[in-house]
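1. The amino acid sequence is not available; the structure is as follows:
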């Protein structure tokens, strides 16, 4: 289960801490990590000694989003192949939501793009006070993915979700807590310890009850979630083929504002 991009620890009885382990890249998600995560989560779900999972990042970040150096070429090859790859990556979200264990996100440091999606998919979220949840997708001409639009609409409603997705303004941990995207805000550097305490409390409780509660609550919206992710997969595959994505990435690398060309007008 342990790999060079993913680590597992068991700091207290019944609790597994799953670390994204690419600290030099701020735990940005590459192909290897996206494929390792679902298997690791499901393996923990099959382990009778594990009763709760804490999901966090190594080093100074939770997750800075998708690694465009690795994922960009894979997702720019063609719309259908990119769509299929996005559907494969959605298994990360399904694994978080469908494993019969409480999954607690411990968020300290950078949390952007798909990292925001991963945190939102977890059952409980603990965040450091200075954390900024950054919906960075449109910064590089992409659309939110890994179920982000589903989770944002559920928490914020359609108008605020559109604002968050379109403008990409960072959301503070306190504001995220007000809107229900975060359960507990703690002092910086304390998210992992607090999440582990919550995990220990859950590990000592009725695991069957928790599994059924999770299944019922997630079942209320799982069809919508899968529908949204299917639409996201097509939209993101198309976005990766646009000149706006090319310009967005170039601007990001040059640390300048993007200069998008004339809007492409077509029939719908």
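-> That came through, no problem. This is a predicted model, so every value here is computed, not measured.
2. where do the strands sit along the stretch 51-200 of the chain?
-> 52-57, 61-63, 103-107, 110-112, 124-128, 132-134, 171-172, 184-186 (DSSP state E, counting those that start in this stretch).
3. For the fourth one, list every residue counted as buried.
-> Meaning strand 110-112. 110, 111, 112 (16 or more other Cβ atoms under 10 Å). The way it works is simple: take the backbone N, C-alpha and C, and place the C-beta from them, glycine included.
4. Please tabulate the residues you listed in JSON lines and include distance to residue 195 and pLDDT as additional columns.
-> Output for the buried residues of strand 110-112, formatted as JSON lines (distance: Cβ to Cβ, whole Å; pLDDT from 0 to 100):
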{"residue": "110", "distance to residue 195": "17", "pLDDT": "95"}
{"residue": "111", "distance to residue 195": "14", "pLDDT": "98"}
{"residue": "112", "distance to residue 195": "19", "pLDDT": "97"}
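5. any weak-confidence spans in this structure?
-> Under the criterion pLDDT under 70, the flagged ranges of the chain are 1-3, 263-268.
6. Determine which residue lies closest to the centroid of it.
-> Nearest to the geometric centre of the chain sits residue 118, at 1.8 Å (Cα atoms, centre = their mean).
7. Would you confirm that that residue contacts residue 145?
-> No: contact criterion Cβ atoms under 8 Å: residue 118 and residue 145 do not qualify, at 11.0 Å.
8. What about the residue lying closest to the residue nearest to the centre of the chain once chain neighbours are set aside, how many residues nearby?
-> Excluding the flanking residues, the one nearest residue 118 by Cβ to Cβ, 6 or more residues apart in numbering is residue 63, at 5.9 Å. When counting by other Cβ atoms under 10 Å, one arrives at 29 neighbours for residue 63.
9. Would you format the buried residues of strand 110-112 as TSV with distance to residue 236 included?
-> Output for the buried residues of strand 110-112, formatted as TSV (distance: Cβ to Cβ, whole Å):
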residue	distance to residue 236
110	21
111	19
112	16
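10. who's in contact with the residue nearest to residue 24 when sequence neighbours are not counted?
-> If the residues on either side of it in the chain are set aside, residue 24 comes closest to residue 59, at 7.7 Å by Cβ to Cβ, 6+ apart. By Cβ atoms under 8 Å, 6 or more residues apart in numbering, the contact list for residue 59 reads 23, 24, 26, 27, 109.
11. Scan those residues and report the most crowded one.
-> Neighbour max across the contacts of residue 59 (other Cβ under 10 Å) = residue 27, 30 neighbours.
12. need the contact list for that residue.
-> Neighbours of residue 27 in contact, by Cβ under 8 Å, 6+ apart: 20, 21, 57, 58, 59, 61, 62, 63, 64, 115.
13. try it again with 6 Å
-> Counting by Cβ atoms under 6 Å, 6 or more residues apart in numbering, residue 27 touches 20, 57, 61, 63.
14. Pull the most distant pair out of those.
-> Farthest pair in the contacts of residue 27 (Cβ to Cβ) is 20 and 61. Separation: 8.4 Å.
15. When these two are compared, which one has more neighbours?
-> Ranked by neighbour count (other Cβ under 10 Å), residue 20 and residue 61 place residue 20 first, with 27 against 23.
16. Verify the contact between that one and residue 56 for me.
-> No: the pair residue 20 / residue 56 is not scored as a contact, 7.3 Å apart, by Cβ atoms under 6 Å.
17. Tell me which stretches of the stretch 51-200 of the chain form helices.
-> Using DSSP state H, counting those that start in this stretch, the helices of the stretch 51-200 of the chain run over 68-75, 79-89, 91-98, 114-121, 148-156, 158-167, 173-178, 191-203.
18. Nearest to residue 260, out of the ones you listed?
-> Per Cβ to Cβ, nearest to residue 260 of those: helix 158-167, 13.7 Å.
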